[in-house]
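J.: sequence unknown, structure follows:
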Ligand code: CA
């Protein structure tokens, strides 16, 4: 799941990025309202965390502009408690939820997850592809009745594949959704992680459900 953090306080942005990445999210950061708006329009995010006081364009304006452009990405607004800006206004401009600073990371994570669930009601509570099942609320992954242990990155990659069962997903799409937008390392990292996943979801069960489509990407198919 890919999240955009629009926050000009560099240390807070870095803290959020680190924390969310540790939870398996791919995180992009924008430090001005104008950059944030541009990135949210150009890329597809599963949620946006939006500060209010931002250089360039304030958070209300960013939110309003996105909604006017028919962009309905779930937005969590970060409001300051000093009263200058209030929460009602955040909701009026089209934000889905707000969180007052300072906030605890645990609360933020819970709100973000709730928002992503609510923002996409068509998504099933639990995902399944053949005998492989995933519960996004508990992060449990099962092959049949066997519980699999995945790292946050492996989980994130599998979640992306499971949300598009049967589709051929280009390596660049996978990179964009599972790693950062600005990822500048070796794109073969995708191949490496596909290999890790196969060792967990397929090989022990004598299956080959995570297929390579040569020259294009990868697809996850149900086992028979
Ligand atoms: Ca700010």
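T.: Perfect, I can see it now. Not measured: the values here are computed from a predicted model.

J.: which secondary element of this protein has the worst mean pLDDT?
T.: Lowest on mean pLDDT, DSSP states H and E among the helices and strands of the chain sits helix 87-92, with a mean of 64.

J.: quick check: mean pLDDT across the next helix or strand after that helix?
T.: Counting by DSSP states H and E, the element after helix 87-92 in chain order, helix or strand, is strand 97-101. Averaging pLDDT along strand 97-101 yields 84.

J.: Give me the buried positions along strand 97-101.
T.: Using 16 or more other C-beta atoms under 10 Å as the test for burial, strand 97-101 gives 97, 98, 99. (Each C-beta comes from the backbone N, C-alpha and C, glycine too.)

J.: ditto for stretch 44-63
T.: 45-52, 54, 56-63.

J.: now residue 31: how far from residue 61?
T.: In this view, residue 31 and residue 61 are 16 Å apart by C-beta to C-beta, to the nearest Å.

J.: cool, residue 21 as well?
T.: The gap separating residue 21 from residue 61 is 28 Å, by C-beta to C-beta.

J.: Next: residue 165.
T.: Applying C-beta to C-beta to residue 165 and residue 61 gives a distance of 38 Å.

J.: and residue 61, what helix or strand is that in?
T.: With DSSP H and E as criterion, residue 61 is part of helix 59-68.

J.: Return the list of strands paired to the following helix or strand past that helix, each annotated with direction.
T.: Remark: after helix 59-68, the chain's next helix or strand is strand 75-80, criterion DSSP H and E. With DSSP bridges as the test, strand 75-80 is paired with strand 47-51 (parallel), strand 97-101 (parallel).
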